[in-house]
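# 3D model of this:
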Amino acid sequence: MNKTLALFYVNKSNKNNLKNVNSLPKDLNSVLIGIILGDGGIYRTSLKGNARFEMSFGQKYKDFAENLGVLFKDFMSNPIKAVEIKVKDKIYQNYRLKTVSLPLFNQYHDMFYKYNSDLHKYVKIVPENILEFLDPIALSYLIMTDGNFDKSRNRVRIYTNSYKKEEVQILANAIITKFGIYVGVLHDRKDQWILTIGAKQLDLLRKIVSQHFHFTMLYRIGIN
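You can find the predicted model right below:
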């Protein structure tokens, strides 16, 4: 287990009353920031209801899913759940992490979601002030959940397709400013944009994030 993935515990006096917990430990907060920027989501059933953190993992990512389950276990009523998904004639096993709904997750929903009146729903955004929340842990979890290593071009791609171009640029600028890593904004398809970190930047990127990676996910920065 990497150094950052040490266990985090809620203060025992609050463990049985999580509604009194108003913040996550610093490193766990960074983990969540990175995951939400990536494939994780914060869900709220109503404006007055509390929010929860959810994420699904493909069958190849059982170890990573279970590791995150350990980190967030104090905020979960059930452990990581295996779910069978049927696609045509094949059955796949996915894994699902779901926390309980708590006031402390509301701040993340407010930060990362904006109501779209045309779609009549909340959509995930890149906060304009994301620079304030980026650190090596957050960048690591963004890449672990939304990154890919392109062997043919010796580069890392981060699939930010769901965000608007201007939001992707905000994230790129934040990474450049915070870490001195040049990040390109590349048109992927239709009106979708991704981030790319080229070969000349890989050594610096790996130096910053590799110690925070789960060992099963190192391939996403080209380390086998």
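# and the longest strand seen in the chain, which strands flank it?
Longest strand in the chain, counting residues (DSSP state E): strand 90-98. When sheet partners are counted by DSSP bridges, strand 90-98 sits next to strand 51-57 (antiparallel), strand 81-87 (antiparallel).
# Name the nearest residue to the residue nearest in space to the middle of the chain, sequence neighbours excluded.
Centroid check for the chain by CA atoms, centre = their mean gives I35 as the closest residue, at 1.0 Å. What sits nearest to I35 in space, not counting adjacent residues and going by CB to CB, 6 or more residues apart in numbering, is Y141, at 5.0 Å. All C-beta atoms are positioned from the backbone trio N, CA, C, and that covers glycine.
# That neighbour: what's it in contact with?
Contacts of Y141 were listed using CB atoms under 8 Å, 6 or more residues apart in numbering, and they are 30-31, 33-35, 37-38, 212.
# I'd like the residues you listed as JSON lines, with distance to V123 and pLDDT appended.
Listed next are the contacts of Y141 as JSON lines, based on distance: CB to CB, whole Å; pLDDT from 0 to 100:
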{"residue": "S30", "distance to V123": "23", "pLDDT": "97"}
{"residue": "V31", "distance to V123": "23", "pLDDT": "97"}
{"residue": "I33", "distance to V123": "18", "pLDDT": "98"}
{"residue": "G34", "distance to V123": "19", "pLDDT": "98"}
{"residue": "I35", "distance to V123": "17", "pLDDT": "98"}
{"residue": "L37", "distance to V123": "14", "pLDDT": "98"}
{"residue": "G38", "distance to V123": "16", "pLDDT": "97"}
{"residue": "H212", "distance to V123": "28", "pLDDT": "97"}
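# Which element is encountered next along the chain beyond the helix ranked longest in the chain?
If you go by DSSP state H, the chain has its longest helix at helix 165-179. Moving toward the C-terminus from helix 165-179, the next helix or strand (DSSP states H and E) is strand 184-189.
# Adjacent strands (with direction) for that following strand?
By DSSP bridges, strand 184-189 pairs with strand 192-197 (antiparallel).
# Pull the partner strand out as CSV, backbone CA atoms only.
Extracted in CSV, the C-alpha atoms of strand 192-197 (Å, rounded to 0.1, in the frame of the first residue of the first chain):
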residue,chain,number,x,y,z
GLN,A,192,-15.3,17.2,-26.3
TRP,A,193,-11.8,18.0,-25.0
ILE,A,194,-9.2,16.1,-23.1
LEU,A,195,-5.9,16.9,-21.3
THR,A,196,-2.6,15.6,-22.6
ILE,A,197,0.8,15.4,-20.8
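# what about that strand, average pLDDT?
Averaging pLDDT along strand 192-197 gives 98.
# what's downstream of it, the next helix or strand?
Following strand 192-197 toward the C-terminus (DSSP H and E): helix 202-209.
# I'd like the average pLDDT over that following helix.
Rounded mean pLDDT across helix 202-209 is 98.
# tell me how far that helix is from the chain's mean position?
18 Å (CA atoms, centre = their mean, to the nearest Å).
# Identify the residues contacting it?
136, 139-140, 143, 154-156, 179-181, 197, 221-223.
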